[in-house]
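Student: Structure for the following, please:
(one chain, ligands or ions: 1)
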Amino acid sequence: MDPVVVGISGGSGAVLAKLAIDELMARNIPVWATCSSAGRQVWHHEMGEPFSRALSEWGDNPLFTYYNINDIGAPLASGSAPTTGMLVMPCSMATVAAIAHGLADNLLRRAADVTLKERRRLIIVPRETPFSSIHLENLLKLSQAGVVVLPPAPAFYLRPKSVEDIARYIAAKALSALGLPGTLSQEFRYQGREERSSP
Ligand SMILES: Cc1cc2nc3c(=O)[nH]c(=O)nc-3n(C[C@H](O)[C@H](O)[C@H](O)COP(=O)(O)O)c2cc1C
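Tutor: Model (predicted):
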């Protein structure tokens, strides 16, 4: 399978990117990743360890390739390099704005621009609350351009027991939106209301 591009920006939710990358590689799917400078800062803050530590762990896996955010000569900067699609997770409002306006000023944003122009699947997981009208206008623009806008919203109806349950669900939804079969496992599927079956 062609690689999935994972762009990690400086929105909150670094754990979502970690879960998605781990799951892709567990499924034997190659990953091309890039992380913005703010993304690295947020990662360190939220994960309690530098992003470089995750990079060195993933780096042992031949399925994983990391490209520096300034490496505009990387293959994912060109439409001629085939990919399965791209996840931007978490996606900051700055990166939402940039992608919505074609501002390809770093490798993550350029790769998203390329994914759009090549009409491949682009899934973004925008994290902010509340949204301003500007955020919403940018998100609408992206949705109208064919982007799947998948906010990191918990499925309360699945009765998650921990933040990890919520994060695993959101990562699974994002991978499923990429069209990867079997990524939304049974535990994340609504089985119907319990009280319906009681006498
Ligand atoms: C701990 C932390 C959490 C942040 N969370 C968010 C967030 O959830 N959403 C957002 O849009 N920006 C958030 N930011 C601000 C962005 O990181 C900042 O706007 C940055 O310029 C985004 O750049 P990038 O899109 O290139 O990663 C956060 C920053 C920090 C330090």
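Student: right, and the secondary structure at whatever residue of the chain ends up closest to the ligand would be what?
Tutor: Of all residues in the chain, the one sitting closest to the ligand is Gly10 (2.6 Å; CB to the nearest ligand atom). The C-beta positions use only the backbone N, C-alpha and C, and glycine is treated the same way. For Gly10, the assignment made with DSSP: H, G, I helix; E, B strand; the rest coil gives coil.
Student: Let me see the contact set for the nearest residue to it once chain neighbours are set aside.
Tutor: Leaving aside its sequence neighbours, Gly10 sits nearest to Ala38 (CB to CB, 6 or more residues apart in numbering; 2.6 Å). Applying CB atoms under 8 Å, 6 or more residues apart in numbering to Ala38 gives the contacts Ser9, Gly10, Ser92, Ala94.
Student: my guess is the second one meets Gly39, correct?
Tutor: Yes. A contact is recorded between Gly10 and Gly39 when judged using CB atoms under 8 Å, the distance being 4.8 Å.
Student: Between these two, which contacts overlap?
Tutor: Pro90.
Student: more crowded one of the two?
Tutor: The neighbour comparison of Gly10 against Gly39 (other CB atoms under 10 Å) goes to Gly39, with 24 against 21.
Student: Gly179 versus the more buried one, what's the distance?
Tutor: Plainly put, Gly39 is 25 Å away from Gly179 if you go by CB to CB, to the nearest Å.
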